[in-house]
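Novice: sequence-free structure coming up:
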C-alpha cells in the first residue's frame, strides 16, 4: 500500500511539471498599443480670406430752408432714401484657444482682424431750374475685427461643426456730397449756399470706429496633427451712423447743410482659412 501511494505522488508531480513546462514554452506576445486620441485643446493662429456683401439704405434730409429748395422743390426731387450695395474682398488673421471638454464637445474663444475692401455708394439725381444734379453717399469699411465665443460638436475626432458669436468693431469712412451743373447763390432764413457751376457744392465726410455684434458658424477639419482648414459664415452688424454735409456760404449767413443717415451697416461674410495648432 505504501508503495502504491509513493507511485501516485510521483505521477502527480510529473504531470504538474509537464504542465508548467508547457506554460513556460508559450511565446510572449506584447499587447497592441492604444490608439492615439486627437485633442483640440490648445492655442492656435491662422489666416483667412473671404468676401462680404449686403444692401443698406442711405436717407437724405434738408436741415434748413436753403437745402430744402434742392430736396423739396426740384423737378424731380432727389429720392429721400436709396438702397445700395456694399461688397468686397477681405482678408486677415485669427488667433484663439480651444477647450475640448469631452470627446464630442468643444468650447473656445477666437479673435480676428480683417483688412477690407467692402464698400458701396448710393446716388439719386435731381434737376434744379432744369439743370441736373446728383446727391451721392458712400461707405467704406477700412478694417474690422471680432471677438467671439465658439462652441461646437466633434462629428468625428477630426471634423468640428461649430457656432460662434460676439463683439464686432470696425473703421468706417463715409461721405455724402451734392453736386450741381448750374451755379447759384441761394439765401433764405439766415442761411446761404454759394455753389459754383458743374461742381460739388455740399460736402461732408467722417471716419468712425463703429461697434456692433456678429453671429455665425462653420466647419473645421484637422487635416494633420497641427494644421486644420475651415470654412465659415458670419453676419456682422456695425450699427447706423449719420453725417452732415455743408455748402460754402456768403458772409453774414449761416452755413446751409443737409443730413445723411446710413442704416445699420450689416453685411454677410463667407471665408475660408487655415489654422496652426500648438
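Specialist: Structure received. What you see is a predicted model; the values in this text were computed from it and never measured.
Novice: okay, now the nearest residue to residue 85 once chain neighbours are set aside: neighbour count?
Specialist: Computed as Cβ to Cβ, 6 or more residues apart in numbering, the closest residue to residue 85 that is not its neighbour in sequence is residue 120, at 4.9 Å. From N, CA and C alone the C-beta is placed, and that goes for glycine too. Close neighbours of residue 120, defined as other Cβ atoms under 10 Å, add up to 22.
Novice: which strand residues bridge residue 120?
Specialist: Judged by DSSP bridges, the bridge partners of residue 120 are residue 139.
Novice: what about it, distance to residue 173?
Specialist: Separation of residue 120 from residue 173 (Cβ to Cβ, to the nearest Å) stands at 12 Å.
Novice: so how far is residue 199 from residue 125?
Specialist: To residue 199, residue 125 is 16 Å away according to Cβ to Cβ.
Novice: re earlier: list residues touching both of residue 120 and residue 173?
Specialist: Here residue 120 and residue 173 have residue 139 as joint contacts, going by Cβ atoms under 8 Å, 6 or more residues apart in numbering.
Novice: residue ranges for the strands of the stretch 101-250 of the chain, please.
Specialist: Using DSSP state E, counting those that start in this stretch, the strands of the stretch 101-250 of the chain run over 105-128, 131-154, 159-180, 184-188, 191-195, 199-222, 227-237, 241-246.
Novice: give me whichever of those strands is most buried.
Specialist: Of these, the one with the most neighbours on average (mean count of other Cβ atoms under 10 Å) is strand 191-195, at a mean of 22.
Novice: that one: how far from the chain's middle?
Specialist: Remark: strand 191-195 is offset 42 Å from the chain centroid, using Cα atoms, centre = their mean, to the nearest Å.
Novice: so what touches it?
Specialist: 64-67, 180, 183-186, 201-202, 247-250, 253-256.
Novice: let's see 6 Å
Specialist: 64, 66, 180, 184-186, 201, 247-250, 253-254, 256 (Cβ atoms under 6 Å, 6 or more residues apart in numbering).
Novice: can you check stretch 247-255 too?
Specialist: Outside stretch 247-255, the residues touching it (Cβ under 6 Å, 6+ apart) are 190-194, 201-202, 246, 256.
Novice: got it, and stretch 135-145?
Specialist: Outside stretch 135-145, the residues touching it (Cβ under 6 Å, 6+ apart) are 58, 60, 78, 113-116, 118-119, 121-124, 169-178, 260.
Novice: cool, stretch 227-238 as well?
Specialist: 168, 170, 210, 212-216, 218-223, 264-275.
Novice: now stretch 84-101
Specialist: 39-41, 43-47, 49-55, 106-120, 122, 267.
Novice: quick one: buried residues of that stretch?
Specialist: Buried positions in stretch 84-101, judged by neighbour count with 16 or more other Cβ atoms under 10 Å: 84, 86, 88, 90, 92, 94, 96, 98, 100.
Novice: how far does that stretch sit from its chain's centre?
Specialist: Relative to its chain's centre, stretch 84-101 lies at 5 Å (Cα atoms, centre = their mean).
Novice: what's the mean pLDDT across it?
Specialist: Per-residue pLDDT values over stretch 84-101 give a mean of 97.
Novice: let me see the mean pLDDT of stretch 105-125.
Specialist: 96.
Novice: what do you get for stretch 203-217?
Specialist: 97.
Novice: what sits up against it?
Specialist: By Cβ under 6 Å, 6+ apart, stretch 203-217 touches 146, 163-165, 168-177, 233-239, 243-245.
Novice: hang on, the earlier thing: just the ones of the buried residues of stretch 84-101 in helices?
Specialist: Members of the buried residues of stretch 84-101 lying in helices (criterion: DSSP state H): none.
Novice: could you dump those into TSV with distance to residue 154 added?
Specialist: Below are the buried residues of stretch 84-101 laid out as TSV (distance: Cβ to Cβ, whole Å):
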residue	distance to residue 154
84	42
86	36
88	34
90	28
92	26
94	20
96	16
98	11
100	8
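Novice: out of the residues you listed, who's nearest residue 158?
Specialist: Top of the list for closeness to residue 158, among the buried residues of stretch 84-101 and by Cβ to Cβ, is residue 100 at 12.4 Å.
Novice: for the closest one, name its beta-bridge partners.
Specialist: residue 106.
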